[in-house]
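Undergrad: model this:
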Amino acid sequence: MAGRSEKDLQGIELLGNKETKYAFDYTPEILEVFDNQHPNRDYFVKLNCPEFTTLCPMTNQPDFGTIYISYIPDIKMVESKSLKLYLFSFRNHGDFHEDCVNIIMNDLIELMDPRYIEVRGKFMPRGGISIDPYCNYGKTGTKFEKMAEDRLMQHDMYPETVDNR
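TA: Numbers count the residues shown, from 1 in each chain. I've put the predicted structure just below:
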């Protein structure tokens with residue numbers, strides 16, 4: 001395989017752009033995709049985003065966390081720089097942790113239509129409590145729909161040890 005051609009890279013505008021503009025409001029339209037070169041294979045793509053920030057909708061104080069995204073692509077995949085800029089756009093967005101995780105998953109489903117996706121947040125403690133929301137989705141009518149149900153039931157809701165580094 002020779003790699004991707006210029007035609008394969010059409011539509012990816014942000015990667016390599018030295019004049020990146022940072023959105024300070026929630027901006028899902030910044031997300032970009034590229035074609036999955038291996039649509040005949042099921043495989044996970046895992047993205048760890050340790051610098052996620054958003055605002056508490058009540059106090060407007062910043063909340064810090066890590067967002068973990070794992071997905072099995074179908075035809076399209078998310079371009080990582082656009083994902084970084086998208087997540088940055090939550091910086092001044094006021095929502096609860098659980099809402100942010102679900103919004104991220106919904107936007108990625110709409111963007112890529114993956115076979116399977118899960119999004120987990122691991123937020124720093126506030127007032128002595130950390131919040132680690134988890135959501136997932138499997139494409140309806142496929143083996144991934146059942147996988148999503150099974151993984152949700154197996155998800156570790158109460159870990160014995162908490163690591164909030």
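Undergrad: going forward, measure contacts between C-alpha atoms and count neighbours the same way
TA: OK.
Undergrad: Kindly list the main-chain dihedrals of the residue nearest to the spatial centre of the chain?
TA: Centroid-nearest residue in the chain: Ile69, 4.5 Å away (criterion: C-alpha atoms, centre = their mean). Torsion angles at Ile69 (phi, psi; degrees, to the nearest 10) stand at phi -120, psi 130.
Undergrad: So what sits opposite the nearest residue to Pro62 once chain neighbours are set aside in the bridge?
TA: Counting by C-alpha to C-alpha, 6 or more residues apart in numbering, Pro62 lies nearest to Leu55, which is 4.5 Å off, once chain neighbours are set aside. Beta-bridge pairing of Leu55 under DSSP bridges involves Pro62, Gly94.
Undergrad: my guess is Leu55 meets Asp95, correct?
TA: Yes. Counting by C-alpha atoms under 8 Å, Asp95 is a contact partner of Leu55 at 6.4 Å.
Undergrad: Need the three-state assignment for Glu13.
TA: coil (DSSP: H, G, I helix; E, B strand; the rest coil).
Undergrad: what about Lys81, which helix or strand?
TA: Assigned by DSSP states H and E, Lys81 belongs to helix 80-88.
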